Structures are given as C-alpha cells and as structure tokens.
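>>> Please find the sequence and the predicted model below.
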Amino acid sequence: MLEYDPFSPEVLNDPYPIYRRLREEAPVYHIEAYDSYALSRFEDIWDTSNDSERFTVEQGTSAPQLLSKVLPVFPNLNHMDPPHHTDLRKRIAHFFTPRAVEAFEQPIRSFFRERLEEVLAEGRCDVVGDLAFPVSARVACIAMGFPLPDIPDLIDLVRRFFRREPGVVGMTSDGIEAYEAMQTYVQDLTRERRARGVEADNPVDTLIGVNEIAGSEPPEDIRASHLMLLLLGSTETFPKTFASALFRLWQHPDQLAEVRADPGLLPGAFDEVLRYDMPTQFLGRTTLCDVSLHGVTIPAGRPVLLLYPSGNRDDREFERPDEFDIHRCPSRIVTFGQGVHRCMGVHFAKLEGRILLEEILQALADYTVDEGAIERERTEFVQGFTRLPIEFQAR
Ligand code: HEM
C-alpha cells in the first residue's frame, strides 16, 4: 500500500524511494490528511508551474501555508497571480538579469577569498556555516539592499525559520518566532526608509517605493512581505546546494579530477548538483477549477504540491536519473520552478556556485569530508546539509 505524507519520518529520512513509487503508481496522489494532491512527474510539475489559468498561488505556496496553515499568506511576489504579479515583477526584473548579476563577480570572489584565508590555516572548516552561508547572506544583502551590519542576525533568523525538530510536525514555535522577528525587522526597515525617502537603486528600495499594487496603496505588512520573500529566497537554498556540490564531487573522485583539470566544466557540474540534490521538497498551488490528470480529478480549491526533487529524478525526462553525471547538461530541470514564478535568483545562484567552486578547488589541492560530523536538515520543506565539515592540508 502506497502512503505518502510529507511529514512522515520515512519521507523525511529519504524521500527518493517513495517519490519513485509515486511517479510509477500514483502520479496524482491524494494526501488525505490534508485533502491535498502531490504531483511527482517532471512533465506534470513543469506544466502546472506554467499554468496560471487553472492554478493560483494566492493561497500561498509553502507547506506552512497550504498544509499546516500555521503561517498567514501575504500577497508578496510569490503569492500573486498575473496581472498584478507581472506588473510588480517587471519593476525589479532588471536587477536579476545575467548582465546585472555579472557585476557581482569580483565582490563575490574577493569576499570568498577572505573567508577561505580565515580557514586555510585551520586545515578544517564547515562548508555551510564558515563559507557558503556568509557568502550567500552577504551577496543577498548587497544585491537586494539589506543593511550589511544586520547579516549575522539575519542568518540566525533565516536558519531558525527553516529548522525543524524531531517529534514536531512542521514548523517549530521557535521557527514561527523567528518568522515574526523577521517581519518586525522588515517592517521597521520599510518604515525607516520610507521616512527617509527612497534612496538606492536596488530591489528592496524599489519595492519599498512602490505606491500602488493591485490598484491601491499597499499596507505596511504587505510591503514588508515582499522583502521577506527576497530575504528567505536569496539566502537559504544556495548554501545547501554548494555543500552538496563539494560532497558529490568528493564522492565521485573521477569527476572531481575532471573539473580540476578543466574548470570550464564547473557550470555544468553545478547544474547537475542543482538537478540531483534539489533542496526544496515542494512548493505548491491551489486549483481554481476542477483539474483532471492521469484519470484523477482534483476538485477546485485544493492544494497541489509540486515535488521538485522527484521531477528531477524522473526517468521519463532524464536517462539514468539516479546517477550523478557532470556531463549531463539537461535542457530543463525543475529546480528553479518554471513559468511566471520561475526563480528570480537563478543567475545569482549559478554565479555563486561557479565562483565558489573555482576558488575552493584552486585553494585546496585535496579535501576529504568528515562524514561522521555531517549534519543534515530533513524537513518537509528544505532538505540538505546544515553542516559539512571538510579537512585539508593546513597552510
Ligand atoms: C539554489 C538556489 C535557489 C533555488 C533552488 C531556488 C528555487 C526557487 C523556486 C523553485 C522558485 C519558484 C517558486 C514557485 O514557482 O512558486 C523560486 C522563486 C523565487 N526565487 Fe529562488 N531559488 C534559489 C535562489 C534564489 C536566489 C539567490 C534569489 C535572490 C537573489 C531567489 C529569489 C527568488 C524569488 C524572488 C522568487 C519568486 C519569484 C516569483 O514568484 O515571481 N532565489 N526560487
């Protein structure tokens, strides 16, 4: 009997076996406990992400909104349908183009080199906490327009928001407190910057300065919610993916040797990590009408979960999907979503991935992962390394 519950210990421990069964046996799976549906095949996730006519994001997209309903839904960019979404996204899209993002190459490289210098003498570091998180948080703050001195506090809030505890289904009370603290932080920031007048040319100030969303002046909590999305979206997933990259390359020494010999292979290798180890287990939609798929009719008004890591391992789309292969170069993956809500930070994530891999492989002639000291987050929302200690020759 096939049973899928995104909060069950079995799924949290290793979702891939059950994702395979879902794709084969029940590609539109009804989760009774939440009267919701899960889509596990690549094509269905892709098509649904592209379909803003029959699916809405206005009821929220994450598990705490769609399933456990412990978080409210504010109409931020990720929770708005066209045409209001289109208008708002257009206002900040130019900050995220490949050209705009390229300007961050040198600052990212220099800051990462400084971080590396600090750990090189130790002969050991935690890839997530010592290297990747400080870089992604700093890039997020500079690129989005959050104050740099607030970085340590913001990292702490983001990490608490995503953390889960064994025995607690979904978000912890501490995670909800962290969410509320983030909300207070962004509301204060909004108030203070509005009082001073919009200053800088960045996404945060642009969003704070928007005087009309959906035909009226947005209240303070909605302005703040746009900033929350930028903060959460830009900081959490990258460190897990970068840690996975070092882990997978270490597990595949032949492929590690190839990228060392030819760093031109690194962008493809990072893309493969994005496919193979997609951290976000799902985001979702709500049906606006009855939707029939593979013989199942999903009634209007039901949450539909898009199981991204399952789509990325679907053998209808990928040959040998469970093999890690840096030469794969697939034409599409679902890691960044698709359609009008496709991740705005794609180019940031890819640039950071390439630069950090180039720099670390150049700085370390060799490294080993201290497997016994690895820590992973196994949550219904985001999975991956929270601590990846590596050892290398000190210098
Ligand atoms: C490995 C890193 C990342 C992954 C896996 C990722 C994943 C995603 C996914 C799956 C979506 C689609 C949501 C949906 O369809 O409902 C999304 C949206 C979004 N992402 Fe990312 N993201 C990453 C990095 C970033 C970064 C670095 C930024 C900012 C610099 C960012 C900003 C956003 C924003 C603003 C949206 C909302 C877009 C919209 O709804 O129109 N993301 N991301």
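Ah, there it is.

>>> Point me to the residue of this protein nearest the ligand.
Minimum separation of the chain from the ligand (C-beta to the nearest ligand atom) falls at G345, amounting to 2.0 Å. For glycine as for every other residue, the C-beta is placed from the backbone atoms N, C-alpha and C.

>>> Quick one, grab the pLDDT at that residue.
In the predicted model, G345 carries a pLDDT score of 95.

>>> burial count for the closest residue to H252 other than its chain neighbours?
Spatially, and ignoring its direct neighbours in sequence, H252 is nearest to F324 (6.0 Å; C-beta to C-beta, 6 or more residues apart in numbering). When neighbours are counted by other C-beta atoms under 10 Å, F324 registers 18.

>>> So F324, which state does it fall into?
Using DSSP: H, G, I helix; E, B strand; the rest coil, the structure places F324 in coil.

>>> okay, now the nearest residue to the residue of the chain closest to the ligand once chain neighbours are set aside: neighbour count?
With C-beta to C-beta, 6+ apart as the criterion, G345 has its nearest non-adjacent residue at 5.6 Å, and that residue is S234. Residues lying near S234 (other C-beta under 10 Å) number 24.

>>> Tell me how far S234 lies from F95.
11 Å (C-beta to C-beta, to the nearest Å).

>>> And F238, by the same measure?
17 Å.

>>> Then L230?
Noted for L230: a distance of 10 Å to F95, by C-beta to C-beta.

>>> who has more neighbours, these two?
L230 (24 against 18).

>>> that older thread, wait, the residue of the chain closest to the ligand touches L232, no?
No. Using C-beta atoms under 8 Å as the test, G345 is too far from L232 to be in contact (11.0 Å).

>>> ok, those two, which is more surrounded?
Remark: of G345 and L232, G345 carries more neighbours, 23 against 20, as counted by other C-beta under 10 Å.

>>> Show the pLDDT at the residue nearest to the spatial centre of the chain.
When C-alpha atoms, centre = their mean is applied to the chain, the residue found nearest the centroid is T237 (3.8 Å). pLDDT for T237: 90.

>>> One more: P166?
On the pLDDT scale, P166 gets 80.

>>> part of a helix, is it?
No. Counting by three-state DSSP, P166 falls outside a helix, being coil.

>>> count of neighbours near it?
7.

>>> give me every residue that touches R302.
By C-beta atoms under 8 Å, 6 or more residues apart in numbering, R302 lies in contact with D35, S36, Y37, T286, T287.

>>> try V334
Counting by C-beta under 8 Å, 6+ apart, V334 has contacts F42, I45, W46, S49, M278, L306, Y308, G311, N312.

>>> Give me the nearest residue to the third one, chain neighbours excluded.
Meaning W46. Q338 (5.4 Å).

>>> how deep is the one you found tucked in, by neighbour count?
Q338, neighbours per other C-beta under 10 Å, totals 20.

>>> now swap in A26 and tell me
Neighbour number of A26 under other C-beta under 10 Å is 16.

>>> Next one: it from V291, what distance?
When A26 is compared with V291 (using C-beta to C-beta), they lie 16 Å apart.

>>> go on, H226?
Counting by C-beta to C-beta, the separation of H226 from V291 is 29 Å.

>>> who has more neighbours, the two?
H226 (28 against 20).

>>> Contact partners for the more buried one?
Contacts of H226 (C-beta under 8 Å, 6+ apart): N76, L77, L88, L207.

>>> List the contacts of the third one.
Yep, that's L88 we're talking about. Contacts of L88 (C-beta under 8 Å, 6+ apart): L77, M80, L207, V210, I213, H226.

>>> Just to be sure, it is in a helix?
Yes. Secondary structure assignment places L88 in a helix (three-state DSSP).

>>> tell me which element the closest residue to R376 other than its chain neighbours is part of?
Nearest residue to R376 in three dimensions, chain neighbours excluded: F385, at 5.7 Å (C-beta to C-beta, 6+ apart). Using DSSP states H and E, the element containing F385 is strand 383-387.

>>> who's in contact with the residue nearest to the centre of the chain?
P279, T280, A349, V382.

>>> Ranking by neighbours, what's the top pick from those?
P279 leads those on contacts (other C-beta under 10 Å) with 24 neighbours.

>>> Past the helix-or-strand element of the chain with minimal mean pLDDT, which element shows up next along the chain?
In the chain, no helix or strand scores lower on mean pLDDT, DSSP states H and E than helix 220-235, which sits at a mean of 82. Using DSSP H and E, the helix or strand that follows helix 220-235 in sequence is helix 237-251.

>>> The next helix or strand after that following helix vs helix 237-251, what angle?
Next along the chain after helix 237-251, taking DSSP H and E as the criterion, comes helix 253-261. Here the directions of helix 253-261 and helix 237-251 differ by 110 degrees (axes from the mean of the first three to the mean of the last three C-alpha atoms, to 10 degrees).

>>> so what does helix 253-261 touch, helix or strand wise?
When contacts are defined as 3 or more C-beta pairs under 8 Å, 6 or more residues apart in numbering; DSSP states H and E, helix 253-261 sits against helix 237-251, helix 266-276, helix 346-363.

>>> right, and those - which one's nearest E371?
helix 237-251 (9.3 Å; C-beta to C-beta).

>>> Wondering if that closest one reaches the ligand at all.
Yes. Residues of helix 237-251 contacting the ligand under C-beta under 6 Å from any ligand atom: T237, F238, T241.

>>> Next, count neighbours for the nearest residue to the second one once chain neighbours are set aside.
What sits nearest to F238 in space, not counting adjacent residues and going by C-beta to C-beta, 6+ apart, is S136, at 4.2 Å. Taking other C-beta under 10 Å as the criterion, the count of residues near S136 is 27.

>>> how about S136, secondary structure?
Following three-state DSSP, S136 is assigned to helix.

>>> That one and T241, how far apart?
S136 is 10 Å from T241, by C-beta to C-beta.

>>> ok, which pair from the contacts of T237 is furthest apart?
A349 and V382 (14.1 Å).

>>> Tell me who's in contact with I390.
Contacts of I390 by C-beta under 8 Å, 6+ apart are R124, C125, V127, L246, W250, L364, Y367, T368, V369, D370.
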